[in-house]
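**Student:** Quick one, fold the following:
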Amino acid sequence: MTQKLDRRLFLAAGSAAVVASSMPGSRALAATPPAQATPPEDWAALAADVRSEFQWAWRNYRDKAWGKDEINPVSGTAQSFFIEGHDLGLSLVEALDTLWMMELDAEFEEGVDWVKSSLDFDIDGESQVFETNIRLVGGLVSAHLACGDPVLLDKARDLADRLMKAFDASPHGLPYRYVNLKTGAVRDPETNLAEIGTYATEFGVLGRLVGDDRYYAAAKRAMRHALDRRSDIGLMAANLHAETGEFISRNASIDVYADSFYEYLWDSWELFGDAEMKVWALETTEAILKHQAKRYDGRLWFPMVDFETGEATGTSQTELGAYLAGLLGQVGRKTEGDDFLASYTEMQNDWTIIPESIDVTTRRPRTKRTGLRPEYPDACLNLWLGDRDERYRALSATHYRNMKATSRAAYGYTALADITARPMTQGDNCPGYWWSEQMKYYWLLFSDCRRIDYAQLQLSTEANVLRGFVRA
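**Tutor:** I've put the predicted structure just below:
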């Protein structure tokens, strides 16, 4: 298995010619030996290219969509993400710690100035609690940790207090999906593991900074509620109800509806030394490996299964699931992590851009569009941090070059409308997470970042830096 992966990695060393000429599903190109050995990668040069592209995209955002949630890089327009007509500077906030890490200090300062002068959460409108936390609370906390500006921390706390209303409204402490930022009114109790269990790191760091443990306690209470309802085989259903507290589906999932719940168990152990969270992380990982791991034509996948029987209930796997390869490495199951990463590496080799959703029985895309997804380089970073194996950097270099060849548009980087077309068809939206996630993963992998202590580095699910900054 490893030998095959390494050979494909060598052949996919990231040339634009491969992107232009390869056909979807074709294995002929991967079977053709290279004419000559690939020269060693110049990591510093590649890092400089990542930084240059990020700075270029930032300038376009500043010129075309300043203060808006997301830029549409093909048309040069913008769109709201949280509350239609009330932009919260999503992309700007998401970009802040990345700008700081890349030593783009002038750009960082202009972003901070906008936050201090213009970002106001007293809006009579509903915002999705989960997304607001990982993107804005996390982004503001991380930016505060980077520069020490107390206004950023004050705004993060103000927003977290508004989100806490969604926890308080449930008899079980399970946050409703939406909360009105001004009135505190809540909506939509039919929720899921990811949306009730992705607060511990942001809330925990915030609580330590302001000296208030209510935030972490609320986050952990919601996670405990779901964990206490594990089946006899140790799995949880992905969907549950904030009012009844019961599961409302039978599907156990490692990706959609569930992914970051599992990340935050281990992250809470690493950030706060919470031994109970560590136990839960190891127990749930063991159950997932025992009852969700399935092989199709030799490749490892984790499709949805019945949470009580472990029987597969579908044959799909999303790109989001790639994170698990890195998490497996973090919790001491690196062999399985490498095995799962190889499944996605094959998709990268076959399709150039990893499909948004895959049928694991046919290895073909279930959807043609994809949204500039970052989970594959996320997994590569976590695995690389464990042993510094160069192949994870090389796989991410291919991922970066493929993104650059297919998603670069007039005013930034865009999601794709059809990855099966040749050339691929572009959409017209740069998701906010692009500014916080994959460009940061590439930078960390390629740059030997001077402003990060890699041994202390801790990222949120949105790649906000919650520990590890080196400040002069």
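
**Student:** Low-confidence regions, the chain specifically.
**Tutor:** Scanning the chain for pLDDT under 70 picks out 1-36.

**Student:** Which parts of the stretch 1-150 of the chain are strands?
**Tutor:** All strands of the stretch 1-150 of the chain, identified by DSSP state E, counting those that start in this stretch, fall at 70-72, 77-79, 126-128.

**Student:** Same list (these) but as CSV, adding mean neighbour count and distance to S316.
**Tutor:** In short, each C-beta sits where N, CA and C put it, glycine included. Formatted as CSV, these follow (neighbours: other C-beta atoms under 10 Å; distance: least, C-beta to C-beta, whole Å):
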stretch, mean neighbour count, distance to S316
strand 70-72, 25, 27
strand 77-79, 16, 28
strand 126-128, 21, 23
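
**Student:** Just send those strands back as CSV, with distance to T367 too.
**Tutor:** Listed next are those as CSV, based on distance: least, C-beta to C-beta, whole Å:
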stretch, distance to T367
strand 70-72, 20
strand 77-79, 21
strand 126-128, 22
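
**Student:** For G138, which of those is the nearest?
**Tutor:** Proximity to G138 (C-beta to C-beta) singles out strand 126-128 among those, at 14.1 Å.

**Student:** which other helices and strands contact that closest one?
**Tutor:** When contacts are defined as 3 or more C-beta pairs under 8 Å, 6 or more residues apart in numbering; DSSP states H and E, strand 126-128 packs onto strand 178-180.

**Student:** Run through who's touching the strand it packs on.
**Tutor:** Residues outside strand 178-180 that contact it (C-beta atoms under 8 Å, 6 or more residues apart in numbering): 124-129, 162-163, 165-166, 185-188.

**Student:** can you pick the most crowded of the residues you listed?
**Tutor:** Neighbour counts for the contacts of strand 178-180 peak at A166, which has 32 neighbours (criterion: other C-beta atoms under 10 Å).

**Student:** Closest one of the contacts of strand 178-180 to G197?
**Tutor:** Within these, the smallest distance to G197 is 11.8 Å, found for V129 (C-beta to C-beta).

**Student:** hang on, the earlier thing: closest to L104 out of the strands of the stretch 1-150 of the chain?
**Tutor:** strand 70-72 (17.2 Å).

**Student:** Please save the CA atoms from stretch 234-247 in PDB.
**Tutor:** These are the backbone C-alpha positions of stretch 234-247, laid out as PDB (Å, rounded to 0.1, in the frame of the first residue of the first chain):
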ATOM      1  CA  GLY A 234     -19.800   2.900  21.200                       C
ATOM      2  CA  LEU A 235     -21.200   4.900  18.300                       C
ATOM      3  CA  MET A 236     -23.400   8.000  18.300                       C
ATOM      4  CA  ALA A 237     -26.100   8.900  15.700                       C
ATOM      5  CA  ALA A 238     -25.200  12.100  13.900                       C
ATOM      6  CA  ASN A 239     -28.500  14.000  14.500                       C
ATOM      7  CA  LEU A 240     -30.200  14.900  17.700                       C
ATOM      8  CA  HIS A 241     -32.900  17.200  19.100                       C
ATOM      9  CA  ALA A 242     -32.000  20.100  21.400                       C
ATOM     10  CA  GLU A 243     -35.400  20.000  23.200                       C
ATOM     11  CA  THR A 244     -35.900  16.300  23.700                       C
ATOM     12  CA  GLY A 245     -32.200  15.500  23.900                       C
ATOM     13  CA  GLU A 246     -32.700  12.300  21.900                       C
ATOM     14  CA  PHE A 247     -31.100  11.100  18.600                       C
END
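
**Student:** returning to that earlier point: so which of the contacts of strand 178-180 belong to helices?
**Tutor:** Within the contacts of strand 178-180, residues falling in helices by DSSP state H are 129, 162-163, 165-166.

**Student:** would CSV of the residues you listed with distance to D105 be doable?
**Tutor:** Output for the ones in helices among the contacts of strand 178-180, formatted as CSV (distance: C-beta to C-beta, whole Å):
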residue, distance to D105
V129, 33
R162, 31
L163, 31
K165, 36
A166, 36
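
**Student:** now, which of those sits nearest L320?
**Tutor:** Lowest distance from L320 to these (C-beta to C-beta) belongs to V129, with 19.0 Å.

**Student:** Test my guess that the closest one contacts G197.
**Tutor:** No. Contact criterion C-beta atoms under 8 Å: V129 and G197 do not qualify, at 11.8 Å.

**Student:** Number of residues surrounding E110?
**Tutor:** E110: 15 neighbours (other C-beta under 10 Å).

**Student:** List the residues that contact the spatially closest residue to E84 that is not a sequence neighbour.
**Tutor:** Distances taken as C-beta to C-beta, 6 or more residues apart in numbering put G125 closest to E84, at 8.0 Å, once the chain neighbours are dropped. Applying C-beta under 8 Å, 6+ apart to G125 gives the contacts 82-84, 86, 180-182.

**Student:** who wins for neighbours among those?
**Tutor:** Among the contacts of G125, L181 has the most neighbours (other C-beta under 10 Å), with 25 neighbours.

**Student:** D339 versus that one, what's the distance?
**Tutor:** Per C-beta to C-beta, to the nearest Å, L181 is found 43 Å from D339.

**Student:** quick one on the thing from earlier: now render the contacts of G125 as TSV, adding distance to K116.
**Tutor:** What follows is the contacts of G125, written out as TSV (distance: C-beta to C-beta, whole Å):
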residue	distance to K116
F82	20
I83	21
E84	25
H86	18
N180	24
L181	19
K182	21
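
**Student:** which two in these are spaced the farthest apart?
**Tutor:** E84 and K182 (15.3 Å).

**Student:** Residue for residue, what is the longest helix the protein has?
**Tutor:** helix 43-65.

**Student:** can you give me the strands in the stretch 301-450 of the chain?
**Tutor:** Using DSSP E, counting those that start in this stretch, strands in the stretch 301-450 of the chain cover 305-306, 316-318, 357-359, 364-365, 408-409, 412-413, 416-418, 425-426.

**Student:** unless I'm mixing things up, A156 is touching L140, no?
**Tutor:** Yes. Counting by C-beta under 8 Å, A156 touches L140, with 3.8 Å between them.
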